[in-house]
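In: Sequence first, then the predicted structure:
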Amino acid sequence: MAHKIHCDIERGICPAIMSQWFHPKGWGRSEMSVGGLRVPFSVYSVRLKIHCDMDKKLQLQSPVKTGIKRYSDWDKNQLIIEIERLRRRKKYGIVWEDKEESVVMQCKSELPVLKTIKNREIENDDALPMNILIEGDNYHALSVLNYTHKGKIDVIYIDPPYNTGNKDFKYNDSYVDAEDDYRHSKWLSYISKRLFLSRELLKKDGVIFISIDDNEQGSLRMLCNEIFGERNFVANLIWKSKSGGANDSRFFAVDHEYILAYAKNADFFKLNLDAEAEVTTSYNLHDDKGWYSLDRLDKQSIRYSPSLDYKIIGPDGKAYYPKHKDPKYPNASWRWGKETVKTRYAELVFKNGCVYTKNYQKDGAIPRSLLVDERFGRTRTGKTELYELFGREMFSNPKPSKLIRHLVSLVPNKDAIVLDFMAGSGTTGHAVLALNEIDNGKRRFILCTNNENDICSEVCYPRLEKIIEGYSTPEKEKITGLGGNLKYFKTAFVGAEPNDKNKEMLTREATDMLCMREDTFKHVKETKLIKIFKGNKRHTGIIFDEDAIDALKKDIAKIGGKWSVYIFSLSDDTFDEEFDDMKKNVTVAPIPEAILRVYRRIFQK
C-alpha cells in the first residue's frame, strides 16, 4: 500500500498539493523513522502529483549542494535534511517559482533617476498642485518613489495585466501565453515586487485598489494578505464591466470584474459615505436636528443575547420588552445595552407598543461592494471617453473614469495624492481632475507607465493635456479644460558601482528627484555649485560643493521661510553644525547617501 505525504499547495493560489508514494518494495534494511514516518533510503519509485505552475516533471532539490536531484540517489543524511526542510516550509499561503526579471536585475548595475522633459510641462496655476507623469518601467519608477514619496500616498489604484494568456502580459519582453508552465509564477513574480514597493508609499491611513478578473483574483487575494496583512483587507468589490452579451465564456456569461481593496493599516483607515448612492429609506419625520426615520430598537436574530433582553420603562410608566416571534423560544434583543439606554434615553421614541431610535438622514450611504449601477461606467464607457478625446479607438480595455472617480471620492482627504503605477491610457489622472472639478478638491496624481507602443507619449500624455487644456470632440463640440499642472519625467540611469564618480553623477542627476520629494518645482537660482527651487510651502537648496555652504546660507537668510538643504558628500557627513544657527527653519541631508540608503534596501535583497 502506498504511503502518502501531503503538502498544502494549490495551483496558482497556495503552494502545490503534492502526493508522494513510496512503494513497499523500497522498505528493507536501509529504512529510517522520522517523526514516526518510515522512509526508505533506496526508493523503488517516486510519483509526484503536482498541481501548480511548475515544471510538470519537477524533481525536488536537495538542500545539500551535491548536484544529486533524484531521491533514489540520496543517502540517509540527505533524506533527513530534506524531510526537515519540507517540515519547515510554509504550510499555508501562496508559493510560486520566482522568475528572474530583467528590469529588476538591471538595478544591480544601474540605479534609476528621473529626468524632466521640459517641452511637455504644463503650468497653468501656481495655486494648484503639481501632477506627475513618469515614463518608464514601473519597477524603476516605484524605486524612485520609495525615496521621494515614502509614506506620502493616500490612494493607489492599479489595473494590472490580467494574465489571460491572450497577449495581455509581457515578462522579460515576451508575451506569456496560456500554455506557459510558469505563467502564474511569472505574473506573481512581477506583481509581488511592485506591490512590496508600493506598500511603503502608503500613508498609515492609505488604501490600495487593484482591478483584476478570475484569472488571478484568487492568487492576488492571497498575495495581498501576505504583503498588506489579512487584517487590513477592506473589500472585494464586484464591478459590472459589461452591459450584456458576455458570450466569451465557456459556461456562465461573465460580465463582472473585481477590485480588491486593502488598507495600509485598518486601525486608521476610514471611508466617506457614498454621496451619490440611491437611498430607499423614507425620512418622513422632522425635528430640530433634521429629517429622520424610525428604527426599531429590538431586532430578531439567531444570535439571541439574554443580557440584551431586559425591561425598559417608558415615559408613561409602561414596561417594554423585545418582541419575540415565539415567547417560548426567545429570539429578539435590544440593540443597545442597559448603560446606553440610560445615557441616551432622551433619544428613544415610544410608539405603538414599540421602542424606536431616530435614524437621521445622512449625506449619502455606506458604500456598497456591488458596483453595478450605470454611474460606475462599463468597459464601453471607457472606450467612448477615449473616442471623444481622439476620434478613434486608442486602447483595448480602458477603465471608465467614473469608476476610479468613485473609488477616490470615498477617501476623506480632498488634498490626497493618488498613485497609479500601471497608468496605461491615463484614466486615473482624468478621474482625479474630474473629481477636483466636482468637489473643489486639490488632489494630485502620480502616473507611471512604460512607452510600449507609444502608450505614454501618444495616448496617456495627450489625454491629460486635453483634459487640462480643453479639446474638441469628433462632433466639433468644444470642451473646456479642467485646469491643472503637469510635470513629465522619464526614467534614466547612473552606474551602481559605489565609487566617487558614480556618487557625483547620482547627485547631479538627482535634482528632479529632490524637487519631487520636496514639491518645489519652481526654478529660483542656479550656479555651478548651487541650485535653488521653491514650492508653495518651502524652498529646496542643493549644494554640489561644501565650500558653497556660506553662499547658500546668505540666500536662505535673504529669502526666508522653510528650507530643505541637500549637500553633496562622498561620505555620510550631515553638516548639521554648519546650519545650527538656522535649525528651526532648515533641515539638512547628505546626498547621494540619503538616496543610496533607500536603493540598498530595495536592490540588495
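Out: Structure's in. What do you need? The structure presented is a predicted model; accordingly, all values stated were derived computationally and were not measured. Residues are numbered from 1 along each chain as shown.

In: Show residues contacting stretch 535-545.
Out: 126-127, 507-508, 511, 514-515, 518-522, 524, 528-534, 549, 552, 555-556, 559, 561-568, 591 (C-beta atoms under 8 Å, 6 or more residues apart in numbering). For every residue, glycine as well, the C-beta is placed using N, CA and C.

In: average pLDDT for it?
Out: In this model, stretch 535-545 carries a mean pLDDT of 95.

In: Report the buried members of the contacts of stretch 535-545.
Out: Buried by 16 or more other C-beta atoms under 10 Å: 507, 511, 514-515, 518-521, 529-534, 549, 552, 556, 563-568, 591, out of the contacts of stretch 535-545.

In: what about Gly93, neighbour count?
Out: 14 (other C-beta atoms under 10 Å).

In: likewise Phe445?
Out: Residues near Phe445, counting by other C-beta under 10 Å, number 28.

In: got a list of what it touches?
Out: Per C-beta under 8 Å, 6+ apart, neighbours of Phe445: 131-132, 417-420, 428-429, 432-433.

In: wait, is it part of a helix?
Out: No: counting by DSSP: H, G, I helix; E, B strand; the rest coil, one finds Phe445 to be strand, located in no helix.

In: Check it and give its pLDDT.
Out: Phe445 is assigned a pLDDT of 98 by the prediction.

In: Roughly how far does it sit from Leu133?
Out: Using C-beta to C-beta, to the nearest Å, we find Phe445 at a distance of 9 Å from Leu133.

In: ok, now Cys354?
Out: In terms of C-beta to C-beta, Cys354 sits 59 Å off from Leu133.

In: more neighbours, the two?
Out: Legend: neighbour count by other C-beta under 10 Å for Cys354 and Leu133, higher for Leu133 (25 against 14).

In: what's the neighbour count on Leu506?
Out: 24.

In: dump the residue contacts of it.
Out: 111, 113, 494, 591-592, 595-596.

In: avg pLDDT for the one helix or strand it maps to?
Out: Assessed by DSSP states H and E, Leu506 sits inside helix 500-509. Helix 500-509 comes out with an average pLDDT of 95.

In: buried set for it?
Out: 502-503, 505-507, 509.

In: okay if I get those residues as TSV plus distance to Asp454?
Out: Below are these laid out as TSV (distance: C-beta to C-beta, whole Å):
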residue	distance to Asp454
Asn502	32
Lys503	35
Met505	29
Leu506	29
Thr507	32
Glu509	25
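
In: Widest-spaced pair of those?
Out: Comparing all pairs in the buried residues of helix 500-509 by C-beta to C-beta, the longest separation belongs to Lys503 and Glu509, at 11.0 Å.

In: where in the chain is pLDDT low?
Out: For the chain, applying pLDDT under 70 flags the ranges 1-69, 245-248, 302, 605.

In: make it 50
Out: 1-66 (pLDDT under 50).

In: Show me what stretch 294-302 is in contact with.
Out: 285, 322-325, 331-336, 348-349, 351, 354-359.

In: host element of the residue nearest to Lys358 when sequence neighbours are not counted?
Out: For Lys358, ignoring the flanking residues on the chain, the nearest one in space by C-beta to C-beta, 6 or more residues apart in numbering is Tyr292 at 4.5 Å. Here Tyr292, judged by DSSP H and E, is contained in strand 290-296.

In: and the residue most central in space within the chain, which of the three is it?
Out: Per C-alpha atoms, centre = their mean, the C-alpha nearest to the average position across the chain is that of Ile208, at 3.5 Å. For Ile208, the secondary structure call by three-state DSSP comes out as strand.

In: from what I can see it touches Ile156, true?
Out: Yes: using C-beta atoms under 8 Å, Ile208 is in contact with Ile156, at 4.1 Å.
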